[in-house]
Every structure is written in C-alpha cells, then in structure tokens.
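*Asks:* here's a sequence, model it:
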Amino acid sequence: MNSKLRHLVLVGALFAIGLGTALLGAGKEADAAGPDLFLGKKTSATTVYFVNDWFCPVCIRTEPVIEKIYPTIAGSARIGFVDFPIHGETTNFTPYNTYFLTHEKGKYIAIRKALSALTRKTKKPSHGEVKAAVAPLGVKLPQLKTSDTLFGLQSNLMVYRGYDVTMTPTAVVTNSRTKKTRLLAGKNRISELSIKTAIAQVENR
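*Replies:* Numbering: from 1, shown residues only. As a prediction, the model looks like this:
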C-alpha cells in the first residue's frame with residue numbers, strides 16, 4: 001500500500017470508529033447516505049452479510065461456497081460483502097472492493113473471483129495491477145474517490161462491530177422488520193442450507 005493510501009485507510013478507520021458508533025446507535029445498518037454497497041433484492045427486509053478477510057485461508061476456501069449460494073438468495077435477500085481486516089493487507093483491497101460493489105454489481109461475483117486470484121500474487125496491488133486483473137471481464141477502473149473509500153471502510157466497520165463478528169468467515173443474517181439476527185461463523189457453518197434456514201428464522205415473527 002502506498003503512503004497516500006495507508007494514510008487514507010488510517011483516517012478512514014478513525015473516522016469510522018467515531019461516526020460508525022454514532023450511526024450504530026440509530027440502528028446497526030450500514031445504510032448512511034453514500035454509495036450503494038448492496039447486491040440482491042434491495043427492498044428486502046432481510047440482509048445477508050458475508051464477512052471475510054482477503055488473506056484468511058479459511059475464507060479463501062469458503063469463496064466457492066459463497067459463489068454458489070449467492071444466486072440462490074439474490075432474488076429474495078439483500079446481500080453485502082464486508083471486509084474484516086484480520087490481516088492488515090486486506091485494507092489494500094478494500095478501496096477496490098468498495099468501488100466494484102458500487103459500480104459493477106452485475107459482474108461483482110466474477111470480479112471478486114479475479115481479486116481473490118490477485119491476492120495470491122501480491123499483498124499490495126497497484127492500481128494498474130487491479131485494472132489488469134479485471135480487464136478480461138470488460139471492466140474499467142478509474143481513479144478511486146477518497147470519499148467512497150472512506151464510506152466503504154466505515155460501512156464495513158459498522159457491520160463487523162455492530163453485529164459482534166469476531167472471526168472470518170462469518171455470515172450475518174438479519175431482518176430489519178423482526179429485529180432478529182443469526183450469525184454463522186466458520187466455513188463449516190456456511191452453506192446454502194444453513195443460510196436459507198437462518199433467513200427463515202429471522203423472517204419468522
């Protein structure tokens with residue numbers, strides 16, 4: 001990570017701690033005005049957050065499982081992909097992940113796979129390396145906006161702190177109508193059946 005981006009991440013983290021805590025008091029949702037980081041059914045009361053670390057070995061092994069789960073729930077639930085930097089190098093990928101979640105929703109799953117492959121080549125990707133990694137998918141990468149990156153850092157922190165996530169990978173399944181939440185922590189607990197069961201549980205009054 002270059003010095004400018006490192007400073008940005010630090011400022012963003014500090015900003016998120018203060019502002020994120022205040023917003024959490026109003027409702028534990030990463031929905032403040034800013035980029036739309038959600039995929040799936042945007043109007044759904046149910047949200048599934050996949051909380052991962054780009055360099056967590058177990059997370060890497062769980063990615064194919066999540067890739068298969070995604071299309072089975074995208075029509076009924078709102079879906080978020082959250083970076084939890086257990087490994088500090090994850091913050092090198094968060095600005096790009098935020099951009100693609102916002103601007104390349106239709107290709108995001110394929111882009112995520114390309115970014116995951118890039119993590120096996122470098123822990124500190126340059127803008128050019130990320131751009132080259134997603135180019136085969138027909139995706140362009142402009143210069144990133146500082147404000148969007150800060151929003152992404154804040155939103156991620158609000159989720160993993162707000163829902164008391166302590167490890168990766170974790171799936172957070174929550175419903176804003178019933179106020180119920182289920183956490184599925186660890187690779188063995190994340191499956192299509194467990195996610196759909198959790199969705200049914202949180203939707204049931």
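
*Asks:* identify the residues contacting A185.
*Replies:* Contact partners of A185, counting by CB atoms under 8 Å, 6 or more residues apart in numbering, are 165-167, 169-170. Yep, even glycine has a C-beta here, placed from its N, CA and C like the rest.

*Asks:* pLDDT below threshold where in the protein?
*Replies:* 1-33 (pLDDT under 70).

*Asks:* where do the strands sit along it?
*Replies:* Remark: strands assigned in the chain by DSSP state E are 39-40, 46-52, 78-83, 170-175, 181-185.

*Asks:* of the contacts of A185, select the buried ones using a ChimeraX command.
*Replies:* Burial among those is assessed by 16 or more other CB atoms under 10 Å; the matching ChimeraX selection reads:
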select :165,167,169,170
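
*Asks:* identify the farthest-apart pair in the contacts of A185.
*Replies:* T166 and P169 (11.9 Å; CB to CB).

*Asks:* rewinding a little: which of the strands of the chain sits closest to A132?
*Replies:* strand 78-83 (21.3 Å).

*Asks:* direction included, what does the closest one pair against?
*Replies:* Strand 78-83 has the following strand partners under DSSP bridges: strand 39-40 (antiparallel), strand 46-52 (parallel).

*Asks:* tabulate these (JSON lines), appending distance to K179 and mean neighbour count.
*Replies:* Below are the strands paired with strand 78-83 laid out as JSON lines (distance: least, CB to CB, whole Å; neighbours: other CB atoms under 10 Å):
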{"stretch": "strand 39-40", "distance to K179": "20", "mean neighbour count": "20"}
{"stretch": "strand 46-52", "distance to K179": "12", "mean neighbour count": "25"}
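
*Asks:* how about a markdown table for the ones you listed, with distance to T119 added?
*Replies:* Shown next, in a markdown table, are the strands paired with strand 78-83 (distance: least, CB to CB, whole Å):
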| stretch | distance to T119 |
| --- | --- |
| strand 39-40 | 21 |
| strand 46-52 | 11 |
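
*Asks:* of all those strands, which one comes closest to L144?
*Replies:* strand 39-40 (19.5 Å).

*Asks:* identify the residues contacting that closest one?
*Replies:* With CB under 8 Å, 6+ apart, strand 39-40 has contacts from 48, 70, 73-81, 101, 105, 108.
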